[in-house]
Structure formats: structure tokens, C-alpha cells
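> Requesting a structural model of the entry that follows:
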Amino acid sequence: MAAGDALSTVARDQRRWSLTANALKASIDQARWIVLGLAVAGAIFETLGAQIHGAMSDLARAFGYVGAAVLGVAAVIRQWKLGHERTQAWILARAGSESFKREIFLFVTSAGPYASGNPALTLLDRKDEILAKLQPCQNFRVEPQGDVETPVPLDAAAYLEKRVTGKKAQVQYFRDHADQYSRMQQRLHGAEFFLAVIAALLSAAVTLTETQQYGAWVAVITTVSGAVAAHLMAQRYEQLTITYRATADRLESVKDRWYAKGAVNLADLVESCEAVLFEENQGWIAGADQAAVPARNDTAGSK
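Numbering: from 1, shown residues only. Predicted coordinates:
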């Protein structure tokens with residue numbers, strides 16, 4: 001097989017597993033928000049049902065049934081969309097996509113294992129190693145539509161533009177996503193603070209008025225706050241914000257150091273940048289896998 005054919009095959013594999021990871025992530029993110037909303041709604045309906053008495057007993061019963069149904073649906077969605085199999089498939093697919101991308105950039109710059117010998121054969125061997133790790137999530141894979149562009153050989157300027165410092169490259173990606181995660185983290189922490197204030201006011205109302213019905217709503221607010229905190233933990237906004245900003249800074253530092261040395265050895269630039277990205281990817285895998293651990297022990301599914 002010619003080098004171009006091997007590269008084309010790997011490029012299509014990379015696109016396939018990138019699409020798979022994107023689809024799984026979208027499904028998981030949507031499910032987490034839905035479960036959060038259902039947890040809030042279920043707690044409210046159940047409390048309303050418990051608070052209504054007398055002539056409105058039918059309405060109270062209806063609220064109770066609706067609350068139970070909503071919480072039941074939330075449990076089903078946890079099991080179906082947030083179970084261990086699906087979360088692990090997402091982690092593997094994203095790791096596989098990034099591994100293919102790394103091999104492609106090393107190949108087109110003749111760096112690392114592709115600096116000598118038979119680069120095409122080496123690429124195919126490493127492709128097979130990556131695919132072997134993706135076997136458990138083959139049933140989730142998404143096929144690319146149409147042709148996939150075959151990468152071309154890159155010089156230093158082109159590599160930096162496409163992989164490191166360009167408008168659609170890694171430094172910009174990490175900084176944009178770090179800012180996005182930081183904003184979402186602040187909003188959810190703001191919601192937690194607001195809920196804590198409401199719970200404190202309701203607790204004070206129970207003490208001052210001796211009206212116990214407020215106590216039930218304190219429990220609701222506590223449940224909602226706990227659901228928000230669980231969502232924050234599952235999404236790892238704070239951890240990703242810190243890691244992504246640090247990785248962007250490290251890539252910039254690698255580029256600056258390479259220029260300071262005379263910008264002579266392309267392989268030195270590429271291998272250093274890819275090492276930073278590989279380390280970030282391994283850290284992401286470990287963090288995502290740790291966040292998914294509760295799914296292994298919780299019969300109702302993951303967070």
C-alpha cells in the first residue's frame with residue numbers, strides 16, 4: 001500500500017471516531033441536563049402532593065403520581081444514556097480519535113517513528129493497535145458521509161497553523177473551551193449560592209412562624225442543590241478549565257522555545273507539541289474515567 005493510501009485510511013478512521021465521540025458526548029450532555037431537570041421537577045411535584053390536603057386530595061394524589069413518574073423517567077434515562085457502557089464508549093472513541101490525529105501529524109511531518117524505515121507500514125501497524133482498543137465501542141460508531149480529505153506533508157509554518165497556533169488549532173481550542181467551561185461553572189455555582197440563600201430563608205421562616213410546611217421546601221431546595229452539585233462534578237468544569245488553560249500555555253511555550261533555538265529541527269517541534277497533547281489526552285481520559293466510576297457501582301446508572 002502506498003503512503004498516500006495508508007494516510008487516507010487513517011484519516012478516515014480519525015474522522016469516523018471523532019464523529020462517534022461527538023455523537024456520544026452530545027447524547028451524554030443532553031441526558032445529564034434532562035436528568036437534572038427531572039430531578040428538580042420530581043422533587044417539586046412530590047412536595048406539592050404532600051402539602052395539599054382536604055378537598056384537594058385528588059390533586060395531591062395527582063401531584064404525587066406525576067412526581068413519582070418523573071423521578072422514574074430520570075432513573076431510566078440514567079440507566080439508558082448515562083450507563084457505564086456508553087460513557088466508556090465516549091472516552092474510548094475520543095481517545096482513539098486523538099490518537100489517530102497524533103499519528104497523522106507525526107506522519108506528515110516525518111517525525112517520531114516516521115522519520116525512518118517504512119513510514120506507511122509503521123502507520124498501518126499503529127492504526128491496528130489503536131483500532132484494537134476501540135473494539136468495545138464498535139456498536140456506537142458513526143460513519144463519515146462523503147470523502148475525507150487526505151492530509152498532505154507539512155512544513156513548520158503549516159504544522160503550527162493547522163495543529164498549534166492557528167485560528168482552528170489546539171491553543172485556540174483549549175482557551176475557547178476553558179472560557180466556556182469557566183462561565184458554566186460560575187453560573188452553576190451561582191445557582192448553588194442562590195439555592196443556599198433560599199434554604200436559609202425558609203429555615204428561618206420555619207423557626208419564626210412555626211409553620212412546618214416550609215420545612216418540606218427546605219428539603220426540596222437541598223435536593224435541587226445536590227442535583228446541581230452532582231451535575232457540576234460530572235461535567236468537571238473546574239478541572240477542565242484549569243487543564244485546558246495550562247495545556248494552551250505549554251504549547252505556546254514549546255513553540256517559543258523552538259524559535260529561540262533557531263527553528264531548525266521540525267521533528268523537535270512536532271514531537272514536543274505532540275508530547276504535550278498526548279499528556280493532556282491521557283489526563284483527560286483518567287479524569288473522565290474517574291468521573292464515570294459511580295456508574296460501575298450504582299444500579300441506577302451514572303451521574
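> Please tell me how far Arg86 sits from His177.
22 Å (Cβ to Cβ, to the nearest Å). (Glycine included, C-beta is placed from N, CA and C.)
> So for these two, which residue has more residues nearby?
Arg86 (22 against 15; other Cβ atoms under 10 Å).
> Secondary structure element holding the more buried one?
helix 84-108 (DSSP states H and E).
> From the chain's centroid, how far away is that helix?
Mean-position distance between helix 84-108 and its chain equals 13 Å (Cα atoms, centre = their mean, to the nearest Å).
> just the helices in the stretch 101-250 of the chain please.
119-133, 156-159, 170-209, 213-235, 237-260 (DSSP state H, counting those that start in this stretch).
> So which of the ones you listed is nearest Val35?
helix 213-235 (8.1 Å; Cβ to Cβ).
> now what about the closest one, what contacts it?
29, 32-33, 36, 39-40, 43-44, 47, 50-51, 181, 184-185, 188-189, 191-192, 195-196, 198-199, 202-203, 205-206, 238, 291, 302-303 (Cβ atoms under 8 Å, 6 or more residues apart in numbering).
> Tell me which residues of it come out buried.
214, 216-218, 220-221, 223-225, 227-228, 230-232, 234-235 (16 or more other Cβ atoms under 10 Å).
> again, but for stretch 166-178
Ala169, Gln170, Val171, Phe174, Arg175, Ala178.
> List the contacts of it.
160-165, 240-242, 244-245, 247-248, 251-252, 277.
> how about Leu277, phi and psi?
Here is the backbone geometry of Leu277 (degrees, to the nearest 10): phi -70, psi -40.
> What is the neighbour count of it?
21.
> Double-check it against Ser99; I have them as touching.
No: counting by Cβ atoms under 8 Å, Ser99 is not a contact partner of Leu277; they are 10.4 Å apart.
> Point out where the stretch 51-200 of the chain drops to low pLDDT.
53-56 (pLDDT under 70).
> can you do 50?
Across the stretch 51-200 of the chain, not a single residue meets the criterion (pLDDT under 50).
> From the contact counts, what lies against the longest helix along the chain?
Across the chain, the longest stretch assigned as helix under DSSP state H is helix 3-51. Applying 3 or more Cβ pairs under 8 Å, 6 or more residues apart in numbering; DSSP states H and E, one finds that helix 3-51 contacts helix 57-81, helix 84-108, helix 119-133, helix 213-235.
> Can you tell me which of the ones you listed is most buried?
For the helices and strands packed on helix 3-51, the largest average neighbour count (mean count of other Cβ atoms under 10 Å) is found in helix 84-108, namely a mean of 22.
> Mind giving me the packing neighbours of it?
Going by 3+ Cβ pairs under 8 Å, 6+ apart, helix 84-108 lies up against helix 3-51, helix 119-133, helix 266-291, helix 294-297.
> So for Val142, which of those helices sits nearest?
Closest among those, once you apply Cβ to Cβ, is helix 3-51, at 4.2 Å.
> what angle sits between that closest one and helix 84-108?
150 degrees (axes from the mean of the first three to the mean of the last three Cα atoms, to 10 degrees).
> Go through the helices of the stretch 101-250 of the chain and name the closest to Trp90.
Here helix 213-235 is closest among the helices of the stretch 101-250 of the chain (Cβ to Cβ), at 12.4 Å.
> average pLDDT across the closest one?
Per-region confidence: helix 213-235 scores 76 on mean pLDDT.
> which residue packs closest to Ile91, ignoring adjacent ones?
Ala288 (4.9 Å; Cβ to Cβ, 6 or more residues apart in numbering).
> And that neighbour, how far from Ala95?
In terms of Cβ to Cβ, Ala288 sits 9 Å off from Ala95.
> Trp90 is nearest to which of the helices and strands packed on helix 84-108?
helix 3-51 (3.8 Å).
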